[in-house]
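Participant: Coordinates for the following, if possible.
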Amino acid sequence: MSNSQKVLVVGAGYWGKNLIRNFHALGALACICDNNEATLAAFRKQYPGVDTCTDLADGLARDDIDGVVIATPAEMHFKQAKAALLAGKHVYVEKPLVLNEDHARELILLAESRGLVLMVGHLLQYHPAFLAIKVLAAAGDLGRINYICSHRLNLGKIRREENILWSFAPHDISMILSLAGEEPESVMAVGANYLHEHIADVTTTHLEFPSGLKAHIFVSWLHPFKEQKLVVVGEKKMAVFDDTKPWPEKLVLYPHEVRWENNTPIPNKANGFPVKLSDAEPLKLECEHFLECLEHGLTPNTDGQEGLRVLKVLNASQRSLDRHGSMVSMGPKTGGDAPEEGEPFVHETAVVDDGVTLGAGTRVWHFSHIMPGSVVGRKVNIGQNASVGPRVTIGDGCKIQNNVSVYSGVTLEENVFCGPSMVFTNVFNPRANISRMSQARPTRVGRGATLGANCVIVCGNDIGPYALVGAGSVVTRPVPAHALVRGNPARFAGWVCECGVKLKDNRCPECGRQYDFPETPEA
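Facilitator: A predicted model of the protein is given here:
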C-alpha cells in the first residue's frame with residue numbers, strides 16, 4: 001500500500017518499533033531516527049529502502065517528510081515536537097504529550113499558528129470496542145453515565161524514568177474524559193512504592209465531575225496477571241470493555257437494572273450480550289487517522305487540546321499523590337495549588353496582538369510590540385521599544401534588551417541574551433520597492449548564546465549554543481558553538497565557557513570547566 005504522506009519516526013525502541021511497522025505497512029514510512037546505530041542497521045535489513053538517521057535535524061531538513069512521529073521518552077517530547085513544528089512538519093506524539101502544561105499550550109499555539117496537525121497517541125481512543133462504547137453513549141443506549149472505573153494491571157513493564165501513574169494511566173484518563181465530555185472538578189490519588197523509594201508502583205486515582213459523574217483508575221505493574229478493563233455504569237445498561245478477551249468477547253453489555261421495592265433497592269441482573277466488533281488493530285487505525293488528518297487538513301480526535309486535558313489530570317493526580325492522597329481542586333488554582341511562576345506581565349503601553357502566547361513569568365515592557373503567531377516562552381524579559389514577530393519563537397529565559405527587533409524567520413532558543421540595539425536582518429538584499437519576504441533567510445540562535453550591544457546578525461547565519469558575539473560586531477558567516485567572535489566582519493577570537501568567560505588553554509579560569517576545542521574552528 002502506498003501513501004502520499006510520508007513520515008519520520010523518531011525513537012525505534014519498545015513502542016517505536018510498532019509505529020514503524022504500521023506506518024511501513026501503510027506505505028508512509030520514509031525515515032527512522034534513533035541514536036542507536038545497531039538498532040538502525042537491523043531496521044535497514046527489515047525494511048529495505050527506508051532511510052535512517054541518528055540526528056533529528058537531518059530528518060527535519062528533508063523536503064519529502066510531511067509528518068514526524070515521536071516515540072521517545074516523555075522528557076524529550078517537548079523539545080523534539082517543537083523542533084518539528086518549527087521545521088513545518090505535522091507532529092504525532094506518543095502519550096503523554098509533554099510533562100509541563102505551559103509546554104503543551106506552547107505546542108498547541110505553535111501548531112495552530114502554522115496550520116499544522118498536532119496529535120497525541122492516546123491509543124485506546126481508536127480501539128473498536130471503545131469507539132462502540134462512545135456510539136452507544138451518544139445514542140443514549142446506556143442512559144445517563146453515573147460511574148466509570150478502569151483497571152490497567154500487569155507484572156511489568158517496570159520503568160525507572162516515570163511512575164506507574166504516568167506510564168499506565170494516560171490512556172484511562174483519556175477514555176474517561178472522552179465519555180464524560182467535561183473536565184473533573186477534583187482529583188484524589190493514593191499510591192505505594194515498593195521497588196523504589198520515590199517511584200510509585202501502584203496508584204488509585206478518583207475523579208469527581210461537575211455533573212455528578214465519578215470515576216476511578218487503578219494501575220499497577222506489580223500485579224500477578226494482566227488486566228485491562230473499562231467498566232461504564234449507566235442508568236439503562238452497563239458496558240464492560242475487557243481488552244484481554246478474544247474479539248467476540250471484548251465488549252459486553254449488561255442490561256442490569258435496579259428497582260425499588262418498599263424503599264429498598266433490588267438489583268435485577270440480566271445476561272450480558274456481546275457487541276460485534278471489527279478486529280482491526282487499534283494502532284493501525286490510529287496511524288491511518290494521523291495520515292488522513294495530514295491529507296485532508298483535519299483536526300485529530302486526540303489533538304493537542306485533548307492531550308493538555310489529560311496532562312492537567314495527570315499533574316493534579318501527581319500533586320495529590322505527593323500530598324499523601326489529599327483532594328486537589330481542578331478549578332482556579334489558589335493557596336497551595338498556586339503556580340510556581342506568576343502570570344505574564346504586559347506593561348500598559350505595550351501591545352500584544354491576538355494569536356500570541358506568553359509563558360508564565362514573562363515580562364513585556366514599555367512601548368514594545370509582540371505580533372501575531374509569536375510564541376514566547378517562560379521567564380522571558382522583553383525590554384523597552386522592542387519588536388517581536390510575526391510568527392517568531394523565543395525560548396524560555398531569554399533576555400531581549402531595549403530597541404531590539406526580532407523579525408520573522410529568527411528563532412531564539414533558551415536563555416539567549418540580545419544586547420541593547422543589536423540588529424537582526426531577514427532579507428539579504430532588501431529594496432523598498434521590491435517585496436522579497438519570500439526570499440527571507442532564517443536565523444537560529446542557539447541556547448545560552450550572547451549577542452552584544454549594537455551587533456548585527458546578517459540573515460541566514462546561525463549562532464551556535466553558548467557563542468558570544470562582541471559588541472558592535474557584524475556577523476556575516478555562521479558562528480560555531482562556544483565561539484567568541486568580534487569585529488567587522490566578525491572573526492574568531494577564541495572559545496568561551498558556558499558561563500561566558502573566555503577559555504585559557506581550553507579551561508575556564510572562573511568555573512574550571514575543561515573543554516576539548518581546536519585552536520581555531522573549521523572555516
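
Participant: Low-confidence regions, this protein specifically.
Facilitator: 1-3, 331-342, 522-523 (pLDDT under 70).

Participant: So if we follow the domain assignment, how does it break up?
Facilitator: Following automatic domain parsing, one finds the domains of the chain at 7-116, 125-279+313-321.

Participant: what about the shortest one, start to end distance?
Facilitator: Read that as domain 7-116. Start and end residues of domain 7-116 are separated by 14 Å (Cα to Cα, to the nearest Å).

Participant: Also the longest one?
Facilitator: With Cα to Cα as the measure, the ends of domain 125-279+313-321 fall 26 Å from one another.

Participant: quick one: contacts for residue 166?
Facilitator: Contacts for residue 166 (Cβ atoms under 8 Å, 6 or more residues apart in numbering) come out as 74, 96, 314, 318. For glycine as for every other residue, the C-beta is placed from the backbone atoms N, C-alpha and C.

Participant: how about those in JSON lines, adding secondary structure and distance to residue 138?
Facilitator: What follows is those, written out as JSON lines (DSSP: H, G, I helix; E, B strand; the rest coil; distance: Cβ to Cβ, whole Å):
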{"residue": "74", "secondary structure": "helix", "distance to residue 138": "32"}
{"residue": "96", "secondary structure": "coil", "distance to residue 138": "26"}
{"residue": "314", "secondary structure": "helix", "distance to residue 138": "26"}
{"residue": "318", "secondary structure": "helix", "distance to residue 138": "31"}
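
Participant: ranking those by neighbours, who comes first?
Facilitator: residue 96 (25 neighbours; other Cβ atoms under 10 Å).

Participant: And that one, how far from residue 433?
Facilitator: Distance, residue 96 to residue 433, using Cβ to Cβ, to the nearest Å: 51 Å.

Participant: Please apply the same query to residue 456.
Facilitator: If you go by Cβ to Cβ, the gap between residue 456 and residue 433 works out to 23 Å.

Participant: more crowded one of the two?
Facilitator: Just comparing residue 456 and residue 433: by other Cβ under 10 Å the higher neighbour count belongs to residue 456, 18 against 4.

Participant: Single out the most deeply packed of the domains of the chain.
Facilitator: Of all the domains of the chain, domain 7-116 has the most neighbours on average by mean count of other Cβ atoms under 10 Å, namely a mean of 19.

Participant: Would you list the phi and psi of residue 113?
Facilitator: Main-chain torsions, residue 113, degrees, to the nearest 10: phi -70, psi -20.

Participant: Against which helices or strands is the longest strand that the chain contains packed?
Facilitator: Identified as the longest strand of the chain according to DSSP state E is strand 222-234. Helices and strands touching strand 222-234, by 3 or more Cβ pairs under 8 Å, 6 or more residues apart in numbering; DSSP states H and E, are helix 128-138, strand 145-155, helix 164-180, strand 238-242.

Participant: how about JSON lines for the ones you listed, with distance to residue 380 added?
Facilitator: Output for the helices and strands packed on strand 222-234, formatted as JSON lines (distance: least, Cβ to Cβ, whole Å):
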{"stretch": "helix 128-138", "distance to residue 380": "41"}
{"stretch": "strand 145-155", "distance to residue 380": "39"}
{"stretch": "helix 164-180", "distance to residue 380": "28"}
{"stretch": "strand 238-242", "distance to residue 380": "45"}
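
Participant: For residue 226, find the nearest of these.
Facilitator: Across these, residue 226 has its closest neighbour in strand 145-155 (4.7 Å, Cβ to Cβ).

Participant: what's in contact with that closest one?
Facilitator: Outside strand 145-155, the residues that touch it by Cβ under 8 Å, 6+ apart are 137, 168-169, 171-172, 175-176, 179-180, 212-235.

Participant: could you redo the last one with a cut-off of 6 Å?
Facilitator: Outside of strand 145-155, the residues within contact range by Cβ atoms under 6 Å, 6 or more residues apart in numbering are 168, 172, 176, 214-221, 223, 226-234.

Participant: by how many degrees do that strand and strand 238-242 diverge?
Facilitator: 20 degrees (axes from the mean of the first three to the mean of the last three Cα atoms, to 10 degrees).

Participant: Just give me how far strand 145-155 sits from the chain centre.
Facilitator: Using Cα atoms, centre = their mean, to the nearest Å, the distance from the centre of strand 145-155 to the centre of the chain it belongs to is 26 Å.

Participant: Report the angle between that strand and helix 128-138.
Facilitator: Using the same axes, to 10 degrees, strand 145-155 lies at 170 degrees relative to helix 128-138.

Participant: Give me the next element, helix or strand, following the helix or strand hosting residue 312.
Facilitator: Residue 312 belongs to helix 304-322 when elements are defined using DSSP states H and E. Downstream of helix 304-322, the next assigned helix or strand under DSSP H and E is strand 328-329.

Participant: Now do that following strand: which elements does it pack against?
Facilitator: With contacts defined as 3 or more Cβ pairs under 6 Å, 6 or more residues apart in numbering; DSSP states H and E, strand 328-329 has these neighbours: helix 304-322.

Participant: at 8 Å instead, please
Facilitator: Short answer (3+ Cβ pairs under 8 Å, 6+ apart): strand 328-329 packs on strand 186-192, helix 304-322.

Participant: Tell me the neighbouring strands of it, and mark each as parallel or antiparallel.
Facilitator: Using DSSP bridges, strand 328-329 pairs in its sheet with strand 186-192 (antiparallel).
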